[in-house]
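S.K.: Next comes the sequence, and after it the predicted model I'd like to discuss.
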Amino acid sequence: MASLQEPWLLENGNLKGSSKERHGRTAHNMSSSSLRKKSDLTLVSKVKCGMLRLLLTNLQEVILGTKLSVLFPAIPLAIAAQCYGFGRPWIFALSLLGLTPLAERISFITEQIACYTGPTVGGLLNATCGNATELIIAIFALWQHKVEVVKYSLLGSILSNLLLVLGTSLFCGGIANLGREQKYDRRQADVNALLLLLALLCHMLPLLFRISGASASLTAVPTLQLSRASSIVMLVAYITYIIFQLVTHRQLFEAQEDSDEDDGDVNSEETPVIGFRSGIVWLVGMTAVVALLSEYVVGTIEDASESWGLSVSFISIILLPIVGNAAEHAGAVIFAFKNKLDISLGVALGSATQISLFVVPLCVVVSWMLGINMDLNFNLLETGALAISIITTAFTLQDGTSHYLKGLTLMLCYVVIGACFFVSKTPLNYGNVIDLGVNSEVGVITA
């Protein structure tokens, strides 16, 4: 057995980084994690060269350690289709197929890193890597003066994390753990709910300010200025949130998570199969590929919408966020299957909080620097959907326990909101153009 762990030992030096010794954490061995398969390292352990043995071990654990490995060829096929100008619907389909195994593998790597850093940091890493895709797409859309696409896609990311990702996690976790009560640390959920309410306030005030004004031409510039000030406040709140969760209250949160997991009936030591540095390298590399494929999806999604007959608003708010949140979705569901709701909440709520308090205000600041005018007025229908989603999620997580009905309720809320935007035929530029009565072109006015 020592020979099979030798690549891990070569990279880390000793076993002091094991989850049990550093964090006292245990993991439930559950058969519901059907996407994973145990790697046979017998042949790899016979390789004499240590560095080659470490490389082959990582390749077998990461690439071949999932039943979705048959979909990995879709990644180079999507890149080749883009480079050689194949049909754009083919690029769209291949990119979606390529994102499927990458999402599962990112969740696996994040779980490996969590063995060294703790589940709180692991959940934040998972959410951060997924949000990098949204941020890259948003900045690219801003550069093309597509402000409305940025607003719709970021709003859809928040809604999908709060309702779809979290709802699916609670539902699947409840179904897989019918015989035991699922608990989580309320303090983490309360902090995220409080920050989401702050973000909601910053989104509602520009909308209310615009509605209460006598005319749009008189309130456009003050609304833009209010949005920029609110964005700075949200960025300050996000920095404070990171310090709170990773520095000042890190040990407090991890101690609570450890005590919650010790209540399980079946306990076993969760030993990482890849090293910490290897996990970081794999996480960065796969997140970069996810961003590349997501950009392919964005570039070809309009062609797919024409052939499929879907509206632009539905694709921007529903389909794009689902693709961008594939990594968080798979990771949160897998953690919930293993009765690790603290990590699932860290992925879903953490991602929604990061988009609300970091990605959205950062886009406002970046657009400000680029001379493009983007405010926080997401229109009445969109802001109302955001408010209901945040309030519903806060009520769902208030008691510190979970069951499948809570998850099903959140999922049904997402279905209703999706149906609303499906039947909505609002033009893409409607309501998102800042008009001073002088120049109605998006991103051209001055303030």
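M.R.: Received, thanks.
S.K.: those strands in this protein, which residues are they?
M.R.: With strands called from DSSP state E, the chain shows them at 182-183, 401-402.
S.K.: possible to save those strands as JSON lines with distance to Glu148?
M.R.: C-beta coordinates here come from the backbone N, C-alpha and C atoms, glycine included. As requested, the strands of the chain are exported to JSON lines (distance: least, Cβ to Cβ, whole Å):
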{"stretch": "strand 182-183", "distance to Glu148": "39"}
{"stretch": "strand 401-402", "distance to Glu148": "36"}
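S.K.: Among those, show the one with the smallest mean pLDDT.
M.R.: Sorting the strands of the chain by mean pLDDT places strand 182-183 lowest, at a mean of 84.
S.K.: Parallel or antiparallel, list what pairs with that strand.
M.R.: strand 401-402 (antiparallel) (DSSP bridges).
S.K.: Tell me, please, where in the stretch 201-350 of the chain the pLDDT is lower than the cut-off.
M.R.: 214, 251-270, 323-328 (pLDDT under 70).
S.K.: Residues contacting stretch 89-102, please?
M.R.: For stretch 89-102, the external contacting residues (Cβ atoms under 8 Å, 6 or more residues apart in numbering) are 66, 68-69, 71-72, 74-75, 77-78, 81-82, 286, 289-290, 293-294, 296-297, 299-301, 303-304, 307, 323, 326-327.
S.K.: quick one on the thing from earlier: between the strands of the chain, which gets nearest to Tyr238?
M.R.: Closest of the strands of the chain to Tyr238 is strand 401-402, at 26.2 Å (criterion: Cβ to Cβ).
S.K.: now the end-to-end length of stretch 346-364.
M.R.: Terminal residues of stretch 346-364 lie 25 Å apart, using Cα to Cα, to the nearest Å.
S.K.: Looks like Asn58 contacts Trp282 (just checking).
M.R.: Yes. Counting by Cβ atoms under 8 Å, Asn58 touches Trp282, with 7.1 Å between them.
S.K.: by contact count, what packs against the top helix by length along the chain?
M.R.: Using DSSP state H to define each element, the chain has its longest helix at helix 276-308. Contacts defined by 3 or more Cβ pairs under 8 Å, 6 or more residues apart in numbering; DSSP states H and E place helix 276-308 against helix 6-12, helix 50-62, helix 74-83, helix 88-117, helix 119-143, helix 320-324, helix 326-337.
S.K.: In stretch 369-383, which residues have enough neighbours to count as buried?
M.R.: Ile372, Asn373, Met374, Asp375, Leu376, Asn377, Phe378, Asn379, Glu382, Thr383 (16 or more other Cβ atoms under 10 Å).
S.K.: So what would you say the end-to-end distance of it is?
M.R.: 25 Å.
S.K.: re the thing from before, just give me the closest of the buried residues of stretch 369-383 to Ser160.
M.R.: Glu382 (13.6 Å).
S.K.: Could you verify my assumption that that closest one touches Leu155?
M.R.: Yes. Judged on Cβ under 8 Å, Glu382 makes contact with Leu155 at a distance of 5.4 Å.
S.K.: what residues are shared contacts of these two?
M.R.: Residues touching both Glu382 and Leu155 (Cβ under 8 Å, 6+ apart) are Ile317.
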